[in-house]
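okay, here's the prediction I keep looking at, along with the sequence it came from:
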Amino acid sequence: MSDIITLKENREFRRAYTRGRSYVSPDLVTYIIKNNTNNLRIGITTGKKIGKAVERNRSKRIIRAAYSSLCADIRPGYDLVFVARAKTPYRKSKDIYRSMKKHLTDAKILEKRI
C-alpha cells in the first residue's frame, strides 16, 4: 500500500467518534467504523492536552510509523481514527505498534499472516 488515504473532514471524524467502536490503551485510543468504500482510511488526532507542537507532531509521527508497519495486514473497507493520549509522545513506535495491533486484533480486522 503506497498511498495512505486520510480522513480530512470533521464529519468523518465525528461519525467515527459517535458510531464507531472504540478500543483504549494507556497510550492510544482507536475508533473503528465500516465505510461504504473498499478503501482503508485513517485519521490521526492529537489534542492540546498532549503538549506543545513538538509533542503533538511526535505523537502523529510515531502513530503513522506504527500504522505503516501494520497497514498491509488490515482488511480494507474501514475508517480508523487514532487518538493520541498524554503518554504517546514519550513512547517508542514499537510500543504504539503493540497497542495498535491489539486494538485491531480485538476488532477482528487484522488479517493473519501465513
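Cool, got the structure.

let me see the contact set for Lys112.
Asp73 (C-beta atoms under 8 Å, 6 or more residues apart in numbering). Any C-beta I mention is one placed from the backbone N, CA and C, and that applies to glycine too.

make 402 the first number, not 1, from now on.
Sounds good: first residue 402 from here, last item Lys513.

three-state assignment of it?
coil (DSSP: H, G, I helix; E, B strand; the rest coil).

for Arg422, which non-adjacent residue is spatially closest?
Ile433 (5.2 Å; C-beta to C-beta, 6 or more residues apart in numbering).

check Pro427 too.
Among residues not flanking Pro427 along the chain, Lys488 sits closest, at 5.6 Å (C-beta to C-beta, 6+ apart).

shouldn't the residue nearest to Arg422 be within a strand?
Yes: assigned with three-state DSSP, Ile433 falls within a strand.

what is the neighbour count of it?
Ile433: 20 surrounding residues under other C-beta atoms under 10 Å.

correct me, but it touches Tyr418?
No: assessed by C-beta atoms under 8 Å, Ile433 is found out of contact with Tyr418, at 11.4 Å.

dump whichever strand or helix holds Tyr468 to PDB, restricted to CA.
Assigned by DSSP states H and E, Tyr468 falls within helix 454-471. What follows is helix 454-471 as a C-alpha-only set of coordinates in PDB (Å, rounded to 0.1, in the frame of the first residue of the first chain):
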ATOM      1  CA  ALA A 454       3.500  21.400  18.900                       C
ATOM      2  CA  VAL A 455       6.700  19.300  19.200                       C
ATOM      3  CA  GLU A 456       5.000  16.600  21.300                       C
ATOM      4  CA  ARG A 457       1.900  16.700  19.100                       C
ATOM      5  CA  ASN A 458       3.900  16.200  15.900                       C
ATOM      6  CA  ARG A 459       6.000  13.500  17.500                       C
ATOM      7  CA  SER A 460       2.800  11.700  18.500                       C
ATOM      8  CA  LYS A 461       1.500  11.800  15.000                       C
ATOM      9  CA  ARG A 462       4.800  10.700  13.600                       C
ATOM     10  CA  ILE A 463       5.100   7.600  15.800                       C
ATOM     11  CA  ILE A 464       1.400   6.700  15.200                       C
ATOM     12  CA  ARG A 465       2.000   7.000  11.500                       C
ATOM     13  CA  ALA A 466       5.100   4.800  11.700                       C
ATOM     14  CA  ALA A 467       3.300   2.100  13.700                       C
ATOM     15  CA  TYR A 468       0.400   2.200  11.200                       C
ATOM     16  CA  SER A 469       2.700   1.800   8.200                       C
ATOM     17  CA  SER A 470       4.000  -1.400   9.700                       C
ATOM     18  CA  LEU A 471       0.500  -2.800  10.000                       C
END
